[in-house]
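Q: Pasting the sequence and the predicted coordinates here, then a few questions.
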Amino acid sequence: MREKSRKRILVTGGAGFLGSHLCDRLVERGDDVLCVDNFFTGSKSNVAHLLGKSNFELMRHDVTFPLYVEVDEIYNLACPASPVHYQHDPVQTTKTSVHGAINMLGLAKRCKAKILQASTSEVYGDPEVHPQPEEYWGRVNPIGIRSCYDEGKRCAETLFFDYHRQHQLRIKVVRIFNTYGPRMHPDDGRVVSNFIMQALQGKDITLYGDGGQTRSFCYVDDLIEAMLRMMDSPDDFTGPVNIGNPGEFSMRELAEQVVALTGTKSGIVNLPIPADDPRQRKPDLALARKMLDWSPTIPLREGLEKTIAYFAQLA
Ligand code: NAD
Ligand code: UDP
Ligand code: UDP
C-alpha cells in the first residue's frame with residue numbers, strides 16, 4: 001500500500017529535457033512519479049535510468065486526449081519547445097497547449113490536485129518593455145509562424161486562471177525563460193544545442209541576423225529548483241512568476257563563448273534572421289526572489305561547460 005506521506009505526482013512531458021530533470025528530483029525526493037509523454041520530442045532514453053525505481057512509472061499518452069489517473073500534484077510540461085519542433089505541426093502545437101491544458105485542468109479538478117503550468121517568456125513576444133516583469137502583457141503576433149506556440153501558451157494561462165476563478169483550483173504558473181543543459185535535443189535547432197553541436201563537429205556556427213539579438217540563459221538545475229519551490233509555495237500565490245537567469249548575452253557573444261570553451265576551429269557565418277525573432281529578452285526576477293526566495297546560482301560559463309561535456313559524449 002502507498003505510504004500516506006508520499007505524494008502522487010504527474011509530470012506531463014516528463015521524458016523531455018526539462019521534464020526528465022524534474023522527474024529525477026521528484027523520484028530522488030521519494031514521491032510517486034507518473035511520467036506521461038507521447039515521445040514527440042522527448043525519449044525513453046531521457047528517463048531510462050529511472051525505469052527500475054519503484055516510485056517511477058512511464059506512460060505513453062498524448063495530453064490532447066483525456067487522462068484518468070489519481071494524483072495529488074500535476075506539473076504540465078507537455079509541449080514541443082523549440083521553434084523547429086513546434087513549427088513542424090503548428091496545429092498540433094496549439095492543440096497540445098490548449099486541449100492539453102483543458103484535460104489536465106479537468107483532471108486536477110476531479111482529483112482536487114494542485115497544478116503547475118510551464119508557461120514561457122514567449123508570452124511577452126517581441127517586448128517593448130525591458131527587462132520583462134510579470135505585469136507586462138506582451139507584444140505577440142497572433143498570426144505569425146511563432147503564434148502556435150506563443151498564443152497556445154497564452155491561452156493555456158487564460159484557462160488556468162479561469163479554472164482558478166471559476167472552480168477554485170489551486171494553480172501555479174511559471175514563465176520560463178531560455179533554459180539549457182544536458183538532455184537538450186541535439187537537433188532541436190535551439191541556439192545553445194546548435195552552437196555546441198556545430199563547434200564539436202567543426203562545422204560553421206550559424207548566427208542568425210547580425211547576432212545582436214539577446215537572450216538570457218538559465219541552467220536547468222536552477223530552473224528545476226525554482227519550479228519545485230513554486231509548487232510548494234503558499235496556495236494564494238498563483239503566479240505568473242518569471243524564472244530564468246538575468247545574465248543577458250547577444251547571440252554573437254554566445255557564439256564566441258562556445259568557440260572559446262570548445263577550442264573549435266569552426267568559423268561563424270551569418271544567416272537570415274527568422275520571422276518574428278524577438279530582439280531582446282531578459283527576465284525581471286524580483287517576484288521570484290521575493291516569493292520563492294530563489295535566484296539562479298549557475299553562471300553561463302559553468303553551465304555551458306557541463307552542457308558541452310554532455311554533447312561531447314553523444315558525438
Ligand atoms: P522538450 O521538447 O524536451 O519537452 C517537451 C516534452 O513534451 C517532450 O518529451 C515531448 O515528447 C512531450 N510532448 C509534446 N507534445 C505532447 C503531447 N501532446 N502529449 C504528451 N507529451 C507531449 O522541451 P523542454 O525544453 O523540456 O520544455 C518543457 C516545457 O517547458 C514545455 O512546455 C515548454 O514550452 C516549456 N518551456 C521550456 C523552455 C526552455 O527553454 N527549455 C522555455 C520556456 C518554456
Ligand atoms: N478530464 C480528464 N481527466 C479527468 C477529468 C477530466 O482528462 O479526470 C478532461 C475531460 O476530457 C474533460 C476536460 O478534462 O472534457 C475538462 O474537464 P471539466 O470537468 O472541466 O469539464 P467537462 O468537459 O467535463 O465539463
Ligand atoms: N539562433 C541563432 N543561430 C542558431 C539558432 C538560433 O543565431 O543556430 C538565434 C535565434 O535567431 C534567436 C536566438 O538564437 O535569436 C535564440 O533562439 P532559440 O531558438 O534558441 O530560442 P528562442 O528564439 O525561442 O528564444
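A: On my side now, so go ahead. Numbering: from 1, shown residues only. Ligands and ions are numbered 1, 2, ... in the order given.

Q: Please count neighbours and contacts with C-alpha atoms only from this point.
A: Fine.

Q: is the one helix or strand G106 maps to anywhere near ligand 2?
A: For G106, the element it lies in under DSSP states H and E is helix 90-111. Yes - using Cα under 6 Å from any ligand atom, helix 90-111 reaches ligand 2 at 102-104, 106-107, 110.

Q: Turn those into a markdown table, columns for neighbour count, pLDDT and distance to ligand 1.
A: Output for the residues of helix 90-111 next to ligand 2, formatted as a markdown table (neighbours: other Cα atoms under 10 Å; pLDDT from 0 to 100; distance: Cα to the nearest ligand atom, whole Å):
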| residue | neighbour count | pLDDT | distance to ligand 1 |
| --- | --- | --- | --- |
| I102 | 21 | 98 | 12 |
| N103 | 18 | 98 | 11 |
| M104 | 28 | 99 | 11 |
| G106 | 18 | 98 | 15 |
| L107 | 20 | 98 | 15 |
| R110 | 14 | 98 | 20 |
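
Q: got any ranges where the stretch 201-315 of the chain has weak pLDDT?
A: 315 (pLDDT under 70).

Q: In it, mark out all the helices, start to finish.
A: 220-232, 251-262, 286-292, 300-314 (DSSP state H, counting those that start in this stretch).

Q: what does the stretch 51-200 of the chain give?
A: With DSSP H, counting those that start in this stretch applied, the stretch 51-200 of the chain shows helices at 83-86, 90-111, 147-167, 191-200, listed in chain order.

Q: Compare the ones you listed and give me the one nearest R8.
A: Closest approach to R8 among the helices of the stretch 51-200 of the chain (Cα to Cα): helix 90-111, 11.1 Å.

Q: near ligand 2, which residues of the chain?
A: Residues of the chain lying near ligand 2 (Cα under 6 Å from any ligand atom): 66-68, 102-104, 106-107, 110.

Q: again, only using 5 Å
A: Applying Cα under 5 Å from any ligand atom, we find that the chain lies next to ligand 2 at 66-68, 103, 106-107.

Q: and the gap between the nearest residue to V98 once chain neighbours are set aside and K7?
A: Closest residue to V98 apart from its sequence neighbours, by Cα to Cα, 6 or more residues apart in numbering: A156 at 5.5 Å. Per Cα to Cα, to the nearest Å, A156 is found 25 Å from K7.

Q: Against Y68, how distant is the closest residue to E248 other than its chain neighbours?
A: Sequence neighbours aside, S216 is the residue nearest to E248 in space, at 4.5 Å (criterion: Cα to Cα, 6+ apart). Separation of S216 from Y68 (Cα to Cα): 38 Å.

Q: neighbour count winner among the two?
A: Neighbours per residue, other Cα atoms under 10 Å: of S216 and Y68, the larger number sits with S216, 19 against 12.
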